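Peer 1: Sharing a sequence plus its predicted fold:
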Amino acid sequence: MEAVPIVTNPSRPVTIATVARRAGVGVGTVSRVLNGAPGVAEKTRTRVLETIRELDYAPSQLARGLSTGRSSSVAAVVPFLTHPSAVERLRGFVRALTAARYDVTLHDVELREQRDDRLRALAGPGSTSDAAVIVSLPPTDDEVQRFLDAGKPVILLDAQHPLLPSVVIDDVAGGGLAARHLLALGHRRIAFIGDTPANPYGFTSSVNRRTGYLDALAEHGITPPPAYIKEGEHDRLVAARLFDELFQDGLERPTAVFVASDTQALGVLGAARARGLRIPDQLSVIGFDDIETAELVGLTTVRQPLEESGRRAAQLLLDALSGRPPEAALETLDLTVSVRQTTAPPA
């Protein structure tokens with residue numbers, strides 16, 4: 001499409017719509033170029049970027065807020081903000097929203113009461129955010145209805161509800177991937193260490209990963225003894241203690257352990273080495289997430305695209321703010337096994 005020439009008024013701010021008209025594209029295309037999102041032809045991307053430079057486009061947050069009634073601010077509700085997986089998801093989310101000239105307000109959740117307060121406040125009349133992403137916290141039907149009544153776009157990341165767009169992974173499939181990797185190496189005595197199922201936040205990832213592990217073992221006619229399954233608080237040191245408990249039950253030592261997160265797997269590696277076990281000669285360990293530290297320590301793990309999931313949630317949020325419905329209510333990202341130095345055939 002040929003670019004449409006226009007005359008700008010220097011007394012009026014240049015908007016994203018101005019850029020779109022000058023470049024001969026839609027507003028959504030300009031947004032995708034600003035986000036660095038895929039799906040834009042290189043020729044079109046170049047034309048949009050040249051137009052942005054021509055017009056010196058740098059939208060004023062205040063001007064946009066006054067003209068649209070929006071604050072140009074979005075909220076991110078994130079449990080345990082300092083956990084590595086949360087940091088990597090937020091990196092993708094914040095980068096995409098910042099590129100689109102939105103401010104991001106982070107709401108950390110460390111207690112159940114904080115979770116309820118944050119979601120209630122964001123759906124209330126006093127909220128200054130245009131939209132929200134909720135990470136890893138499945139909302140109740142009542143909470144979803146409050147957001148819908150407020151007309152505020154909400155995207156779920158690592159959580160889902162049938163009435164809201166969601167970006168997720170298949171944790172059951174991921175648990176199966178981990179167990180099948182160990183089974184393919186020849187392991188049959190495979191333990192599992194993960195989170196306690198009873199938690200006040202509604203987290204289900206560890207339980208679902210355990211289900212996938214059990215299903216994969218069952219396909220090979222294996223039923224692990226109950227003492228091979230250890231669950232506790234999501235913490236590196238707790239995981240180390242749970243690993244030590246595998247040696248207190250009088251059972252034959254497992255030759256491999258599937259750990260429901262990389263953070264917990266780091267605790268298992270430390271505890272195993274403290275016992276003098278050689279990794280992976282005497283014990284194979286596989287984690288889940290593929291956080292940055294996993295590569296540094298050579299941890300084999302199930303890789304989920306953490307940063308990409310944040311980018312996808314941001315794009316869905318930008319689409320919703322532009323009035324474009326998502327193509328799919330539930331977007332499931334692919335999982336792969338990153339094979340490194342902590343898994344090998346049993347000795």
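Peer 2: Nice, thanks for sending it over.
Peer 1: pretty sure Pro275 is touching Leu246, no?
Peer 2: Careful, residue 275 is Arg and not Pro. No. When contacts are counted by CB atoms under 8 Å, Arg275 is not listed as touching Leu246 (10.1 Å). Backbone N, C-alpha and C define where each C-beta goes, glycine included.
Peer 1: Can you pick out the residue with more neighbours from the two?
Peer 2: When neighbours are counted by other CB atoms under 10 Å, Leu246 comes out ahead of the other of Arg275 and Leu246, with 20 against 13.
Peer 1: List the residues that contact the residue nearest to the more buried one when sequence neighbours are not counted.
Peer 2: Spatial nearest neighbour of Leu246, chain neighbours left out: Ala191 (5.8 Å); criterion: CB to CB, 6 or more residues apart in numbering. By CB atoms under 8 Å, 6 or more residues apart in numbering, Ala191 lies in contact with Pro224, Tyr228, Ile229, Lys230, Leu246, Pro254, Ala256, Val257, Phe258.
Peer 1: intersection of neighbour lists for Arg275 and Leu246?
Peer 2: With CB under 8 Å, 6+ apart as the test, Arg275 and Leu246 reach no residue in common.
Peer 1: For the helix or strand hosting Glu331, buried residues please.
Peer 2: For Glu331, the element it lies in under DSSP states H and E is strand 330-332. For strand 330-332, a neighbour-count test (16 or more other CB atoms under 10 Å) marks Glu331 as buried.
Peer 1: Point out the other helices and strands that that strand packs with.
Peer 2: Helices and strands touching strand 330-332, by 3 or more CB pairs under 8 Å, 6 or more residues apart in numbering; DSSP states H and E, are strand 166-168.
Peer 1: Pull the residues that contact the strand it packs on.
Peer 2: So strand 166-168 is contacted by 155-160, 309, 312-313, 316, 329-333 (CB under 8 Å, 6+ apart).
Peer 1: which one among those residues gets closest to Phe93?
Peer 2: Within the contacts of strand 166-168, the smallest distance to Phe93 is 5.7 Å, found for Ala313 (CB to CB).
Peer 1: ok, now which ones touch the residue lying closest to that closest one once chain neighbours are set aside?
Peer 2: With sequence-adjacent residues excluded and distances taken as CB to CB, 6+ apart, Ala313 is closest to Leu157, at 4.3 Å. Taking CB under 8 Å, 6+ apart, we find Leu157 in contact with Arg89, Phe93, Val133, Ile134, Val135, Ser136, Ser166, Val167, Val168, Ser309, Gly310, Ala313.
Peer 1: ok, 6 Å please
Peer 2: Val133, Val135, Val167, Ala313 (CB atoms under 6 Å, 6 or more residues apart in numbering).
Peer 1: hang on, the first one packs against Val78?
Peer 2: No. Contact criterion CB atoms under 6 Å: Val133 and Val78 do not qualify, at 8.5 Å.
Peer 1: Just the contacts of Leu157: which are in helices?
Peer 2: Cross-referencing the contacts of Leu157 against helices under DSSP state H gives Ala313.
Peer 1: which of the contacts of Leu157 count as buried?
Peer 2: Val133, Val135, Val167, Ala313.
Peer 1: on that earlier part again, tell me the bridge partners for the residue nearest to Ala313.
Peer 2: Val135, Val167 (DSSP bridges).
Peer 1: so which helix or strand takes in Tyr213?
Peer 2: Secondary structure assignment for Tyr213, by DSSP H and E: helix 205-219.
Peer 1: mind listing what's buried in that helix?
Peer 2: Ser205, Ser206, Val207, Asn208, Arg209, Arg210, Gly212, Tyr213, Leu214, Ala216, Leu217.
Peer 1: If we only consider those residues, which is nearest to Ile279?
Peer 2: Set against Ile279, the nearest of the buried residues of helix 205-219 by CB to CB is Tyr213 (19.6 Å).
Peer 1: could you pull out the helices for the stretch 101-250 of the chain?
Peer 2: With DSSP state H, counting those that start in this stretch as the criterion, the stretch 101-250 of the chain has helices at 112-122, 141-150, 171-184, 205-219, 236-245.
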